[in-house]
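# give me a model of this one.
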Amino acid sequence: SPPQAEKEGMFHRGLGLNLTSGQYTAPIAGYYTFTARLHIARREQQKKMQSCRGNRLRVLICVQSHCQHNSNLETTSQLESGSDLFTISVTGVLYLQAGQYASVFVDNAAGSPLTVQSGSDFSAVLLGV
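Numbering: from 1, shown residues only. Alright, predicted model coming up:
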């Protein structure tokens, strides 16, 4: 039987998603469309220490945790200094071999601690082989 949703309003179908590790493992080789949408909060006490040059945040979806290679999706956002809560998204298509996994990484060069909020999501859909 398919795993039960962990929280109300959340669902998944298929066996590839591991909620504990945050990884999606491809059951078969093929092209998958991935989407990650992260709601991120900046800690209030750190905001005043923010410098103008450290305002960048990258979100990546990487295959086998190899973010430095071409097997990833990436978006970069400049954070506005007056914002405490913002959303950043990345989407695209990756080819995975059977048994390979993809997961989301956050590269925080924003100069202050950030927290990923509930309501964030990560999805993978098989497009074709």
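
# from V90, how far out is T35?
From T35 across to V90, the span is 7 Å (Cβ to Cβ, to the nearest Å). C-betas here are computed from N, CA, C, even on glycine.

# what about these two, which has more around it?
The neighbour comparison of T35 against V90 (other Cβ atoms under 10 Å) goes to V90, with 21 against 15.

# low-confidence ranges in the chain?
Residue ranges of the chain with pLDDT under 70: 1-14, 44-54, 81-82.

# across the sheet, point out what pairs with the residue nearest the centre of the chain.
Centre of the chain computed as the mean C-alpha position; nearest residue by Cα atoms, centre = their mean is V104, 3.5 Å away. Taking DSSP bridges as the rule, V104 bridges to I61.

# what's the answer for L85, then?
Under the criterion used here (DSSP bridges), L85 is bridged to A41.

# quick check: it vs Q23, distance?
26 Å.

# of these two, who's got more company?
Q23 (18 against 10).

# the more buried one is in contact with F105, isn't it?
No: using Cβ atoms under 8 Å, Q23 is not in contact with F105; the gap is 11.3 Å.

# how many neighbouring residues does S123 have?
So S123, with other Cβ under 10 Å, has 14 neighbours.

# tell me what the closest residue to it other than its chain neighbours is bridged to.
Once flanking residues are discounted, S123 sits nearest to T35: 5.0 Å by Cβ to Cβ, 6 or more residues apart in numbering. Judged by DSSP bridges, the bridge partners of T35 are T91, S123.

# from S120, how far out is T35?
11 Å.

# report the contact partners of the nearest residue to N18 once chain neighbours are set aside.
Leaving out its chain neighbours, the residue that sits closest to N18 by Cβ to Cβ, 6+ apart is T25, at 7.0 Å. Shown in contact with T25 (Cβ atoms under 8 Å, 6 or more residues apart in numbering): G16, N18, G99, Q100, Y101.

# what segments of this protein are helices?
Here the chain has its helices, by DSSP state H, at 44-47.

# buried residues, stretch 77-93. List them.
Applying a neighbour-count criterion of 16 or more other Cβ atoms under 10 Å, one finds S77, L79, I88, V90 buried in stretch 77-93.
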